[in-house]
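Undergrad: sharing a model that was predicted from the sequence below.
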Amino acid sequence: MTMKRFQFSQLIMMIWISLFCLFCLIPFVMVISGSLSTEADIAKHGYTLVPLHPNLTAYRMLFLGAERIIDGYKISIFVTIVGTVLAVLVNYLGGYAMARRTLKYRNALSIFALLTLMFNGGLVPWYIICVNYLHLKDTVWALILPPLAQGFNLFLIRNFLQSIPEELFESSKIDGASEWRIMLQIIAPLAKPVLATISLFVALNYWNDWFLGLMFVDNQKLQPLQLMLRTIVSNVEFLKSSTNSAEMQRVAATLPTEGVKMAVTVITIGPIIFLYPFLQKYFVKGLMVGAVKG
């Protein structure tokens, strides 16, 4: 009887999880369907799971400048890979230093990192420093360096590393290991969950960012994919809202504004969504332990 109850509860749980996964999948299906729907169908029936009159007009409009989109993909992929590697390294170095109980000024470093979460230096001073002092204007490093170190990531790593017994550091020191060897060969493998979590956060931030490109990059060959697609969507909306002649209004009415938005989402979400399955096994553990321990 107990076994039957256990199997029945498992069945109920599997059905519930399957329904929950299905509900999570529905928005993605609707986005794909919206990108294949006509503007008239979206205006009349809204977003549907299956396009009523499927077509590729939105994708054709986006790929009119296929070379620019390919260049944007290259820039975004380069920025995401290089930025994620550098950001994880920088945040790990900072979090490790803040977690070491033998470091004399670790509390001062923690307070400095905390201040960056509480206060903002302002847009104008930040822009002046990046352009006039760091000379990042129209360089790919303008898309990588500004968000490299973040207080939230530093504290997440610090709290995770503080959960590691101090005896491990002391025994490594007794065995003759240097601080660099302890950090890179002993502690880093133990910190895989939190480092994978930070990698996911940072990679998503770099991949989805368009603001840095808007601020610092005028050269179209250096613009990331997100900024390029945002410009296309803005141009379509501007053309649709600013036409005066009746003929232009008729042409503008056929532009797939909503379809282009959905197509942009499909194009940009594709590569980054495949990153999550590889990091998922570390994600919950790294986030929960890093946030709770301290």
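TA: The structure has been received and is ready for your questions. Residues are numbered from 1 along each chain as shown.
Undergrad: show me the shaky parts of this protein.
TA: Low-confidence segments of the chain, defined by pLDDT under 70: 1-6, 65, 236, 238-256, 270-272, 274-294.
Undergrad: alpha carbons only: can I get stretch 223-233 in CSV?
TA: The C-alpha trace of stretch 223-233 is given here as CSV (Å, rounded to 0.1, in the frame of the first residue of the first chain):
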residue,chain,number,x,y,z
GLN,A,223,28.8,47.5,-33.1
PRO,A,224,27.5,44.4,-31.2
LEU,A,225,24.6,42.4,-32.6
GLN,A,226,22.1,43.7,-30.0
LEU,A,227,22.8,47.4,-30.8
MET,A,228,22.5,46.7,-34.5
LEU,A,229,19.2,44.9,-34.2
ARG,A,230,17.9,47.6,-31.8
THR,A,231,18.7,50.2,-34.5
ILE,A,232,16.8,48.1,-37.1
VAL,A,233,13.7,47.9,-34.8
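Undergrad: all numbers from here: first residue = 6
TA: Fine by me, first position is 6 from now on; the one you just mentioned is stretch 228-238.
Undergrad: list the buried residues of that stretch.
TA: Gln228, Pro229, Leu230, Gln231, Leu232, Met233, Leu234, Arg235, Thr236, Ile237 (16 or more other C-beta atoms under 10 Å). Where you see a C-beta, it was placed from the backbone N, CA and C, and this is true even at glycine.
Undergrad: now stretch 181-201
TA: Buried-residue list, stretch 181-201, by 16+ other C-beta under 10 Å: Ile187, Met188, Ile191, Ile192, Ala196, Pro198, Val199, Leu200, Ala201.
Undergrad: go on, stretch 102-110?
TA: Quick answer for stretch 102-110 (16+ other C-beta under 10 Å): Ala102, Met103, Ala104, Arg105.
Undergrad: now do the contacts for the first one.
TA: Under the criterion of C-beta atoms under 8 Å, 6 or more residues apart in numbering, the contact list for Ala102 reads Leu108, Arg111, Leu114.
Undergrad: now go through the buried residues of stretch 102-110 and say which are in strands.
TA: Residues of the buried residues of stretch 102-110 located in strands (DSSP state E): none.
Undergrad: and of the residues you listed, the nearest to Leu150?
TA: Ala102 (20.0 Å; C-beta to C-beta).
Undergrad: show me where this protein has its strands.
TA: Counting by DSSP E, the chain forms no strands at all.
Undergrad: which residue is nearest the middle of it?
TA: A centroid search over the chain (C-alpha atoms, centre = their mean) returns Leu209, at 1.1 Å, as the residue closest to the centre.
Undergrad: wait, Leu122 sits on Phe157?
TA: Yes - counting by C-beta atoms under 8 Å, Leu122 does reach Phe157; the two are 6.5 Å apart.
Undergrad: need the max-distance pair from the buried residues of stretch 228-238.
TA: Pro229 and Ile237 (13.2 Å).
Undergrad: how near is Gly39 to Asp46?
TA: Taking C-beta to C-beta, to the nearest Å as the measure, Gly39 falls 9 Å from Asp46.
Undergrad: no wait, Glu242
TA: According to C-beta to C-beta, Glu242 stands 19 Å off from Asp46.
Undergrad: between those two, which has more neighbouring residues?
TA: Asp46 (21 against 14; other C-beta atoms under 10 Å).
Undergrad: all helices of the stretch 56-205 of the chain, in order?
TA: 62-67, 71-104, 111-123, 128-133, 156-167, 171-179, 184-186, 193-195, 197-213 (DSSP state H, counting those that start in this stretch).
Undergrad: list the buried residues in the fifth one.
TA: Using 16+ other C-beta under 10 Å as the test for burial, helix 156-167 gives Gly156, Asn158, Leu159, Phe160, Leu161, Ile162, Arg163, Asn164, Phe165, Leu166, Gln167.
Undergrad: and what of stretch 40-59?
TA: Neighbour counts using 16+ other C-beta under 10 Å place Ser40, Leu41, Ser42, Thr43, Glu44, Asp46, Ile47, Tyr52, Pro56 of stretch 40-59 among the buried residues.
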